[in-house]
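> after the sequence you'll find the predicted model.
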Amino acid sequence: MPLEENHSRTAGLARCGRPAQAADHYRPPMPVDLHTHSTYSDGTESPAAVVGHAIQAGLTTVALTDHDGFEGLAEAASSARGRIGFIPGVELSVDWGGKAMHLLVYWVENVPGPLQDALAEIRQSRWDRNVEIVEALRAMGIAITLDEVLVEAGHGVIGRPHIAAVLCRHGAAETIADAFDRYLAAGRPAYRPRKRLSAADSVALARASGGVTSVAHPHSVADSASEYREVLEGAAALGFDGIECHYVEYPPGLRERLTAWAEDLGMVPTGGSDYHGAYKPGIAVGVGRGDLVVPDEVVDRLAERRHSA
Ligand code: AMP
Ligand code: ZN
Ligand code: FE
Ligand code: FE
């Protein structure tokens, strides 16, 4: 069954539950989650398990958005079929004035295409960077090996959280977050940069591959209120479709402010839990830390952008 049919089927089911007295245009908001990771990048649960959590949480749609790769999408799609709407996605790292912006791209598949080709190169650069990080850590006297990182990652795209987990096992850090603070975050001693696509190229490649874009967790490239506004304006000018306003770590006031600005600029206010399983403890699919609600109308609005692209 095509993915859109799958989604509209579950949306239809959601509509069956409305109160009989409701006006025709009324549909109670149903929650969705448009940002999750599996073992195919730096999540600790399989795509099928992530989809299972989304169903348990009562979501109408879930997107899998592993970093830089598409390998988990087939498993997630087949697990979702007939049970929950599924959007195949990917999360890219793109250059934003020298900072790393994360960009979610929706409705991209594991098939040949311009974005897929560009990401093959990015994965090579990611691998070279991982080798450099391990060498830097070894030069600092921490005897971790690439083999341990490979075993930790299992399959799919290897990233710094896998290195962080190995550091914890060696007693060099207490938690994944601590490993980033001590060694792996930008500016820390074992940080090494990797190749990133330009923001403009990313949007063009995503479009050429049939995808719709949304800036992930804009705090990665903005600190102050005025910087958030600048990021939104810049992203709108470059043709990004959405921006992640309902982000797991944001307080209600920031979610509301970003949503108002997104609406102002004609962008879709997306959201998600950024679920990584055990690598980001305390975060659940759909509800995040308990207070996350991403309304399903966002999915329809993204889908409209897809067909008008
Ligand atoms: P990489 O893709 O290899 O550059 O690693 C980036 C990923 O590491 C992000 O997508 C997050 O999942 C995770 N990450 C980044 N910074 C931190 C941090 N300070 N604490 C914990 N995880 C982090
Ligand atoms: Zn991640
Ligand atoms: Fe991210
Ligand atoms: Fe993410």
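Perfect, I can see it now. Ligands and ions are numbered 1, 2, ... in the order given.
> in the sheet, who's paired with the residue of the stretch 51-200 of the chain found nearest ligand 3?
Distances between the stretch 51-200 of the chain and ligand 3 by CB to the ion are smallest at H102, namely 3.7 Å. No exception for glycine: its C-beta is placed from N, CA and C like everyone else's. Per DSSP bridges, the residues bridged to H102 are S93.
> from memory it sits against W96, does it?
No - using CB atoms under 8 Å, H102 and W96 do not qualify as a contacting pair, with a distance of 9.5 Å.
> about what we covered before: list the contacts for the residue of the stretch 51-200 of the chain closest to ligand 3?
When contacts are counted by CB atoms under 8 Å, 6 or more residues apart in numbering, H102 touches 91-94, 215-217, 220.
> likewise A278?
Taking CB under 8 Å, 6+ apart as the test, what A278 contacts is T44.
> near ligand 4, which residues of this protein? Just list them.
Proximity of the chain to ligand 4 (CB under 5 Å from the ion) is limited to residues 91, 274.
> any stretches of the chain with poor pLDDT?
Within the chain, the stretches falling below the threshold (pLDDT under 70) are 1-24, 309.
> show me which residues of it are close to ligand 3?
The chain has residues 102, 216 near ligand 3, with proximity defined as CB under 5 Å from the ion.
> next, count neighbours for A260.
A260 has 12 neighbours, counted by other CB atoms under 10 Å.
> check which element follows the helix or strand harbouring it along the chain.
Secondary structure assignment for A260, by DSSP states H and E: helix 252-264. Past helix 252-264, heading to the C-terminal end, the next element that is a helix or strand (DSSP H and E) is strand 268-272.
> what pairs with the next helix or strand after that following strand, parallel or antiparallel?
Sequence order places strand 294-295 as the next helix or strand after strand 268-272, per DSSP H and E. Strand 294-295 has these partner strands in its sheet, going by DSSP bridges: strand 31-33 (antiparallel).
> chain center to the strand it pairs with: distance?
On the basis of CA atoms, centre = their mean, to the nearest Å, the separation between the geometric centre of strand 31-33 and that of its chain is 13 Å.
> would you mark the buried spots in it?
31-33 (16 or more other CB atoms under 10 Å).
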